[in-house]
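K.L.:
here is a sequence together with a model predicted from it:
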Amino acid sequence: MYKTLLVNKDNPMKNKDFKKLDLVELYNYSNERVLIDREALQQFLKLKDFLMKRNFEIEINSAFRSIEEQESIQKDFLERYGEDYCRRIVAEPYTSEHHTGLGIDFLLRVDGSFAEDNLMLHSQSAYYEQVHKYLKDFGFILRYPKGKEEVTGYSYEPWHIRYVGLVPAKIIYERNWTLEEYTKYFQGILVLNKKKGMTSFDVVNEISYLFGTKRVGHTGTLDPLAEGVLIVALGKATKVVELITSSYKEYIAEAKLGISTDTLDITGKVVLKEDIPDNIDITKAFLNFPRKYLQEVPKYAAVKVNGKKLYEYARNNEDVELPKREVTIKDLELLNYTHDTFTFRAVVSKGTYIRSLIKDIGTALNTAATMTKLTRTKQAGMSISDANDLDDIKNNNYKLYNIDDIIDLPVYVVNADLEFKIKNGIKIPNEYDATDKVIFKNKDNEILGIYEVEGEYLKVWKNF
C-alpha cells in the first residue's frame with residue numbers, strides 16, 4: 001500500500017486496502033493497546049527521540065481504528081458535542097484515514113501532563129505548532145492544517161499527523177500543500193543515473209514507491225547491463241513522455257570483436273567465436289558507416305510481433321522474423337580501440353539499439369561483435385552530470401525539473417482570458433508564429449497545456 005493513500009470523505013477506504021496493511025502492536029503512554037503501520041512507528045520513534053533532545057515530549061494517543069471503533073467514536077461525539085461539531089471533527093466509517101494505520105493522534109506533554117479532551121488540545125495548539133516544522137524530516141505531515149479546511153473537509157487539528165514518507169513529506173511542506181493537493185497537483189521530471197544491474201522497470205517501481213504515486217513513466221529503456229541517464233516523469237508530466245522519448249540520445253559503448261551472443265551483449269549465451277581478420281580497419285569502418293539505415297531489432301527486445309514480445313519468442317526457442325526499423329545515427333565517434341575491442345560515442349534517434357549497432361559495425365569489419373558496456377550520457381539536453389541516483393532521492397537530495405526545463409518548446413505566459421480558454425481546450429488563433437508545438441503557462445508559472453499548429457489556429461495537444 002502506498003503511504004500516500006488518500007482516504008477522505010470522497011475517497012473511502014476499500015476492503016482490499018485493509019488487506020494490505022502492515023500493522024504492529026504497542027501500548028501507548030496510558031497502557032492502551034494501539035495498532036500502527038510498521039514504518040510509521042519506526043519513524044515516529046525517531047521523531048520522538050529527536051524532539052526529546054529539544055525538550056519536547058510526545059506520545060502516541062491513537063493510530064489505527066477499525067470500522068467498529070470509528071462508529072463508536074462517531075456515536076460518542078454526537079452525544080457529547082452535537083451533530084455540527086461531530087461532522088467537522090469525526091469522519092464517517094470507511095472515510096477516516098485512521099483506517100490506514102498511518103494517521104496518528106499524538107499528545108504533547110504540557111505543564112507536566114498530557115491533555116486528551118479535544119477542547120483542551122485546541123487550547124494548547126501553540127505548543128504543538130512548535131514541533132510541526134520538524135515533521136517533514138521524519139516523513140510526517142500535519143494532516144489537517146489551519147486555513148485548509150475547505151480542501152481537507154475538516155477543522156484544524158494540531159495533534160493529527162500522517163506518515164506519507166520522506167520524499168512526499170518534504171514536497172508537501174515546502175509547497176504548503178495538503179495530501180489532497182499533493183495527490184491532485186504533483187508533477188515533475190527526474191533525471192536519474194541508473195546503476196548497472198537494475199532494469200528500467202525496477203527504477204520506475206522504486207520511484208513510484210518513494211513518491212507515493214502510480215503515475216510514473218520512463219522515457220527510454222535501459223537494459224540491466226546499461227547505466228546512465230534515465231529520465232522519469234511523474235504525475236501529469238507523464239503526458240509528455242513521448243516528446244522526451246523522441247529526442248536524440250547519446251551513448252558511450254564498449255564492444256568486443258570476434259564473439260557473438262544471443263542477446264548481442266556480454267551477458268548472453270555465446271553463439272559464435274571466430275578469429276579476427278588481420279586487415280580490419282576500424283577507423284575506416286566508422287567513417288563509412290551509414291548515418292541512416294534499416295536496423296534489425298534484437299530478438300531479446302520488448303518490441304511486439306503479432307501481439308507477443310520478441311523476448312518471449314526467444315525464451316521459448318520460437319522462430320520469428322525480426323522487424324527492421326529506420327534509425328538515424330546523428331554522430332558516431334571512435335574513441336579508442338585495440339585489435340579486438342573498441343569504444344565509441346554515438347548520438348542516435350529513438351528506437352536505435354546500440355547492441356544492434358555494434359553487431360552491424362562488426363559486420364562492416366567482417367567479424368562478430370558484442371557489446372560489453374553501455375552508458376547513456378545524454379538525453380533531451382540533460383547529461384549524466386545533471387543526474388541523481390536513487391540514494392540521492394531517498395536522502396531527499398535531488399532536483400525535480402519542470403516540464404519546460406526538459407521539453408525544448410517555446411513558452412508563453414497568458415492572461416486570465418486565454419487561461420480560461422486553454423484550460424477548456426478551446427482553439428485559439430496562432431498569433432505566436434508557431435510552427436509546431438508551444439507551451440502555455442499562467443502568471444503563477446503553472447503549465448496550462450501544450451498546443452500544436454492546425455492551419456491558422458493552435459489546438460490542444462495535451463491539457464494540464
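P.N.:
Here it is on my side, so go on. Please read all numbers here as calculations on a predicted model, not as lab measurements.

K.L.:
hang on, residue 34 packs against residue 65?
P.N.:
No - contact between residue 34 and residue 65 fails when scored by Cβ atoms under 8 Å: they sit 9.9 Å apart. Using the backbone N, CA and C atoms, a C-beta is placed for each residue, glycine as well.

K.L.:
do a quick rundown of the strands in the stretch 201-350 of the chain.
P.N.:
Using DSSP state E, counting those that start in this stretch, the strands of the stretch 201-350 of the chain run over residues 216-218, 227-235, 249-257, 259-261, 270-273, 292-296, 304-305, 308-309, 324-337, 341-348.

K.L.:
export the ones you listed as a markdown table, with columns for mean pLDDT, distance to residue 126 and mean neighbour count.
P.N.:
Compiled in a markdown table, the strands of the stretch 201-350 of the chain are given as follows (pLDDT from 0 to 100; distance: least, Cβ to Cβ, whole Å; neighbours: other Cβ atoms under 10 Å):
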| stretch | mean pLDDT | distance to residue 126 | mean neighbour count |
| --- | --- | --- | --- |
| strand 216-218 | 94 | 40 | 21 |
| strand 227-235 | 96 | 35 | 23 |
| strand 249-257 | 98 | 55 | 22 |
| strand 259-261 | 96 | 68 | 20 |
| strand 270-273 | 96 | 72 | 11 |
| strand 292-296 | 96 | 67 | 14 |
| strand 304-305 | 90 | 61 | 13 |
| strand 308-309 | 90 | 60 | 13 |
| strand 324-337 | 96 | 62 | 14 |
| strand 341-348 | 98 | 60 | 19 |
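
K.L.:
nearest to residue 92, out of those strands?
P.N.:
Taking Cβ to Cβ as the criterion, residue 92 comes closest to strand 227-235 out of the strands of the stretch 201-350 of the chain, the separation being 28.6 Å.

K.L.:
gap between the closest one and the chain center?
P.N.:
Strand 227-235 has its average C-alpha position 8 Å from the chain's average C-alpha position, going by Cα atoms, centre = their mean, to the nearest Å.

K.L.:
which secondary structure elements does it sit against?
P.N.:
Helices and strands in packing contact with strand 227-235 are listed as strand 187-194, helix 200-211, strand 216-218, helix 241-245, strand 369-379, strand 382-383; criterion 3 or more Cβ pairs under 8 Å, 6 or more residues apart in numbering; DSSP states H and E.

K.L.:
generate CSV for the ones you listed, with distance to residue 46 as supplementary columns.
P.N.:
What follows is the helices and strands packed on strand 227-235, written out as CSV (distance: least, Cβ to Cβ, whole Å):
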stretch, distance to residue 46
strand 187-194, 26
helix 200-211, 18
strand 216-218, 27
helix 241-245, 36
strand 369-379, 37
strand 382-383, 34
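
K.L.:
before we move on, the earlier item: identify whichever of the strands of the stretch 201-350 of the chain lies nearest to residue 175.
P.N.:
Of all the strands of the stretch 201-350 of the chain, strand 227-235 sits nearest to residue 175, with 12.8 Å by Cβ to Cβ.

K.L.:
list the strands paired with the closest one, with their directions.
P.N.:
Listed by DSSP bridges, the sheet partners of strand 227-235 and their directions read strand 187-194 (antiparallel), strand 216-218 (antiparallel), strand 369-379 (parallel).

K.L.:
could you give the mean pLDDT of the longest one?
P.N.:
For strand 369-379, the per-residue pLDDT values average out at 97.

K.L.:
could you chop this protein up by domain?
P.N.:
In the domain annotation for the chain, the residue ranges read 15-184, 187-246+382-403, 249-379, 409-463 (automatic domain parsing).

K.L.:
deepest-packed of the ones you listed, please.
P.N.:
Per residue and on average, the most neighbours among the domains of the chain fall to domain 187-246+382-403, with a mean of 19 (mean count of other Cβ atoms under 10 Å).
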